[in-house]
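# can you look at this prediction? I've put the sequence above it.
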Number of protein chains: 2
Amino acid sequence: MNDQEPSGEPRRRHRRDPEGHRAAILEAARHTFAERGYARTTLREIARRAGVTHGLISRHFSSKERLFLAAVPGNRDLEQVAAGDPATLPERIAHGFVQRMETDAVNDPLVALVRSAASDERAAAHLLVAMQERSLTVYRSVLSPNVPGDDLDTRVALLGAQLIGVTFSRYIARTEPLASMSPDELTAHLTRTLRHILFD
Amino acid sequence: MNDQEPSGEPRRRHRRDPEGHRAAILEAARHTFAERGYARTTLREIARRAGVTHGLISRHFSSKERLFLAAVPGNRDLEQVAAGDPATLPERIAHGFVQRMETDAVNDPLVALVRSAASDERAAAHLLVAMQERSLTVYRSVLSPNVPGDDLDTRVALLGAQLIGVTFSRYIARTEPLASMSPDELTAHLTRTLRHILFD
């Protein structure tokens, strides 16, 4: 992580370790967004943590919003989760969501986003819209033969609302019985609920 | 609204208009909680707005938490919403929720509670637990013959998560398609979702 660019040096097309830098930036972004919320996070702070220059971040990610979207695990892995049998998509969404939250809810940017809504609604809304539109596009490509088209937007929105509500109850407010439920139990309940929301 | 108690006067058992005072306190509480969030609201501020003394509030409501719970419309009207055919409880919950939010989401303490979670998690969690426990007791009394007992807690928690998520998406972040959906459409979609969460 020691790749400070001497200022004034012209851009080099081939970085020494572009994949390593990208990973370091995403890791630093995840932690900083989670700790400080979306609005108060600066690219400068992320650069400092990742041990790279501000300019290098801009070259990898064109804006703070794009960096945020790239750093949200659920958003990043969307295509991977969606790919497969449409009938078992709810299982995959529930499993991916729980697994990711259990791994590191404290550092999950979705938690930061829900928290940001209080103090910084417009930015949070903007990002949620961007995330939801991307989910919609991806889920639509998997589900379109199974779900009536004009209903799919609403079903995906209600699915998103369920995940936001569970994020809030289990990982932010920590209300029971959701807070202490085992990850497997939560996955099972969530699978059932998401299946009904999407298909019934 | 002009019933200042001269300080030092002993408590009078019969107020001039106890019901009017109670209503004025609840109305002032609803607005103040919604505007300032739970943590930053003081009983003194509510007393000032309602045109009553701090002591009068304490006599009606033993704590800020109890006043908050009394001021949340969904919590207050819970028995009324729950009473009736268990099979149509999801309709009644969806209808009550949407109607109440459409009437005055800006002044709804549940919105304030979700907002408070960012800056004031412990108080918000405490209140959500209190609200959820009350819901559970009331719904259990209506549903117990219809839903397996040890599953009911989880189902009510997932129902609560759905309502929190919709509150967040439609009334706080205002993401589409939930934000622009007509109240009737939202009620219909929510009824379907809540029915599945509770019964299937």
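Sure, I can see it.

# may I have the phi/psi pair for the spatially most central residue of chain A?
Nearest to the mean C-alpha position of chain A, counting by Cα atoms, centre = their mean, stands A:Val72 at 2.5 Å. When read as degrees, to the nearest 10, the backbone of A:Val72 gives phi -80, psi 120.

# how is chain A divided into domains?
A:18-63, A:72-199 (automatic domain parsing).

# check those for me: which has the lowest mean pLDDT.
Lowest mean pLDDT within the domains of chain A: domain A:72-199, a mean of 81.

# still on that earlier bit, export the domains of chain A to CSV and tack on distance to B:Ala157?
Bear in mind the C-beta positions are built from the backbone N, C-alpha and C, glycine included. Shown next, in CSV, are these (distance: least, Cβ to Cβ, whole Å):
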stretch, distance to B:Ala157
domain A:18-63, 24
domain A:72-199, 5
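
# looking at those domains, which is closest to chain B?
Distance to chain B, taken as Cβ to the nearest Cβ, is lowest for domain A:72-199 among these, at 3.1 Å.

# start to end distance for that closest one?
26 Å (Cα to Cα, to the nearest Å).

# surely the residue nearest to the centre of chain A meets A:Val111?
No. Using Cβ atoms under 8 Å, A:Val72 is not in contact with A:Val111; the gap is 10.1 Å.

# for the residue nearest to the centre of chain A, list the residues it contacts.
By Cβ atoms under 8 Å, 6 or more residues apart in numbering or on different chains, the contact set of A:Val72 is A:108-110, A:113, A:131.

# drop anything exposed from these.
Among the contacts of A:Val72, those buried by neighbour count (16 or more other Cβ atoms under 10 Å in any protein chain shown) are A:108-110, A:113, A:131.

# of all those, which two lie farthest apart?
The distance between the two most remote of the buried ones among the contacts of A:Val72 (Cβ to Cβ) is 12.8 Å, for A:Asp108 and A:Met131.

# how about stretch A:131-139, which residues are buried there?
Neighbour-count burial for stretch A:131-139 flags A:131-132, A:135-136, A:138-139 (criterion: 16+ other Cβ under 10 Å).

# return the helix or strand where A:Gln132 lies as CSV; C-alpha atoms alone will do.
Using DSSP states H and E, A:Gln132 sits within helix A:121-143. Only the C-alpha atoms of helix A:121-143 are listed here, as CSV (Å, rounded to 0.1, in the frame of the first residue of the first chain):
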residue,chain,number,x,y,z
GLU,A,121,-32.0,11.7,3.1
ARG,A,122,-31.5,12.9,-0.4
ALA,A,123,-28.2,11.2,-0.9
ALA,A,124,-29.5,8.0,0.7
ALA,A,125,-32.7,8.1,-1.5
HIS,A,126,-30.6,8.7,-4.6
LEU,A,127,-28.4,5.7,-3.8
LEU,A,128,-31.3,3.4,-2.9
VAL,A,129,-33.0,4.3,-6.2
ALA,A,130,-29.8,3.5,-8.1
MET,A,131,-29.4,0.2,-6.2
GLN,A,132,-33.1,-0.7,-6.7
GLU,A,133,-33.0,0.1,-10.4
ARG,A,134,-30.0,-2.2,-10.8
SER,A,135,-31.7,-5.0,-8.9
LEU,A,136,-34.8,-4.6,-11.0
THR,A,137,-32.8,-4.9,-14.2
VAL,A,138,-31.0,-7.9,-13.1
TYR,A,139,-34.0,-9.7,-11.5
ARG,A,140,-36.2,-8.9,-14.5
SER,A,141,-33.7,-10.6,-16.8
VAL,A,142,-34.0,-13.8,-14.6
LEU,A,143,-37.7,-13.6,-13.7
